[in-house]
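I'd like to go over a predicted model; first the sequence, then the structure.
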Amino acid sequence: MEFSNEAKSLLIQMGWQASRKIPIADLKLPYSDYPSTIIDFLQEYGDIEGYCEKQDYTEVVNELILYPELGESELTGDNTYPYYQSIIGRKLYPLGLYLPDGYYVCCDAEGRVYKIGEYCFYVGKNLYEGIENILFMNTLLSLQLDEDTGKWWNMDAQYVELP
């Protein structure tokens, strides 16, 4: 899998270049059990930050930071990660941040990508689709978690299965 040419163009502006290989130690992964596919992705695309595509309907330009380091306090107790992991029933691996909305970007072991914060959104079935959807604010296919039921609903307010 890989990104579209449009996404690669944005990633280049953020500091990415082909054949990049960030040392694992530099990524400061908060868990020791990251799946190898996620580590490989972060070694190529991690440690970059920059602006997402500007949208015509707003003056706000969102920023994506692909850097997984988080403190122990963020991953334990009553914080965002443990809360959503308990509802979803999956461990969530930090990938970075989405600003200014203040969402964490993370994925599960299968590579599904989520934005978690005030709400929880599923944004893509794999690392490439999820990050690309964030870069282009492609929210039409996003699903939002119903925190009371643990089910996912689409933009038509219908419950659907997580892909």
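Looks like it came in fine.

Now the most centrally placed residue in the chain: which helix or strand?
In the chain, the C-alpha nearest the mean C-alpha coordinate belongs to V105, at 3.0 Å (Cα atoms, centre = their mean). When secondary structure is defined by DSSP states H and E, V105 falls within strand 103-107.

so what does that strand touch, helix or strand wise?
The contact analysis (3 or more Cβ pairs under 8 Å, 6 or more residues apart in numbering; DSSP states H and E) places strand 103-107 against helix 80-88, strand 93-99, strand 113-116, helix 127-135. For glycine as for every other residue, the C-beta is placed from the backbone atoms N, C-alpha and C.

just so I know, which of these lies nearest K54?
helix 127-135 (11.3 Å; Cβ to Cβ).

tell me how far that closest one is from the chain's mean position?
Relative to the chain's own centre, helix 127-135 is displaced by 7 Å; criterion: Cα atoms, centre = their mean, to the nearest Å.

which strands and helices sit next to it?
Packing partners of helix 127-135 (3+ Cβ pairs under 8 Å, 6+ apart): helix 5-13, helix 36-45, strand 63-66, strand 93-99, strand 103-107, strand 113-116, strand 120-124.

Mind listing what's buried along stretch 10-22?
By 16 or more other Cβ atoms under 10 Å, the buried positions in stretch 10-22 come out as 10-11, 14, 16, 22.

give me every residue that touches the closest residue to L75 other than its chain neighbours.
Of all residues not flanking L75 in the chain, Y81 sits nearest, at 5.0 Å (Cβ to Cβ, 6 or more residues apart in numbering). By Cβ atoms under 8 Å, 6 or more residues apart in numbering, the contact list for Y81 reads 70, 74-75, 92, 94, 104, 106, 116.

Look up how far P163 lies from Y81.
As defined by Cβ to Cβ, to the nearest Å, Y81 lies at a distance of 22 Å from P163.

With M14 instead?
For M14 relative to P163 (Cβ to Cβ), the value is 27 Å.
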